[in-house]
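>>> A structural model of the following input is requested.
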Amino acid sequence: MRGINEEIQYKGLRFHLQIQDLGPREPVIQALLYKSGRLIHSRRVSYATYLNQPNLAQKAQSLLQELHKTIIADIHSGKFDHLLTPEEKQG
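Numbering: from 1, shown residues only. Below is the predicted model of the structure:
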């Protein structure tokens, strides 16, 4: 199982982003985003359509990296600001 665990700073807060490839038995890239130890967002991307292709590992890794970049961009664009307290929103 491959993955990324990263702490992301935004408005003085720390978010923890965990992204993992659940493997060919469950061909899904799963992203979990936490704030203060609480799950605030999850996203899953299937790669089942690529299972019979010779470049499966590369495709799964590419999807993992794309999802990582997308969620970081979502954080910095304010997509999850509605989950912050009024004090946290002011940064």
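>>> Please enumerate the strands of the chain.
3-10, 13-21, 28-35, 38-46 (DSSP state E).
>>> Packed most tightly, which of these would that be?
strand 28-35 (a mean of 19; mean count of other C-beta atoms under 10 Å). Just so you know, the C-beta spots here come from the backbone N, C-alpha and C atoms, and that holds for glycine as well.
>>> So what touches stretch 69-86?
8, 10-11, 13, 15, 17, 19, 31, 33, 35, 40-41, 43, 89 (C-beta atoms under 8 Å, 6 or more residues apart in numbering).
>>> and the residue nearest in space to the middle of the chain, what does it touch?
With distances taken as C-alpha atoms, centre = their mean, A31 lies nearest the centre of the chain, 3.5 Å away. Applying C-beta under 8 Å, 6+ apart to A31 gives the contacts 17-19, 41-44, 67-68, 71.
>>> and the nearest residue to Q90 once chain neighbours are set aside, how many residues sit next to it?
In space, Q90 comes closest to K11 once its chain neighbours are excluded; the distance is 7.8 Å by C-beta to C-beta, 6 or more residues apart in numbering. Residues lying near K11 (other C-beta atoms under 10 Å) number 14.
>>> Ok, L22 next?
17.
>>> same question, A60
22.
>>> Verify the stated contact: it with R2.
Yes - in this structure, A60 is within contact of R2 by C-beta atoms under 8 Å, at 7.5 Å.
>>> Find residues that contact each of the two.
With C-beta under 8 Å, 6+ apart as the test, A60 and R2 both reach D21.
>>> where does this protein dip in pLDDT?
1, 91 (pLDDT under 70).
>>> which one's the longest helix in it?
helix 56-76 (DSSP state H).
>>> Would you mind getting the angle between that helix and strand 13-21?
Interaxial angle of helix 56-76 relative to strand 13-21 (axes from the mean of the first three to the mean of the last three C-alpha atoms, to 10 degrees): 160 degrees.
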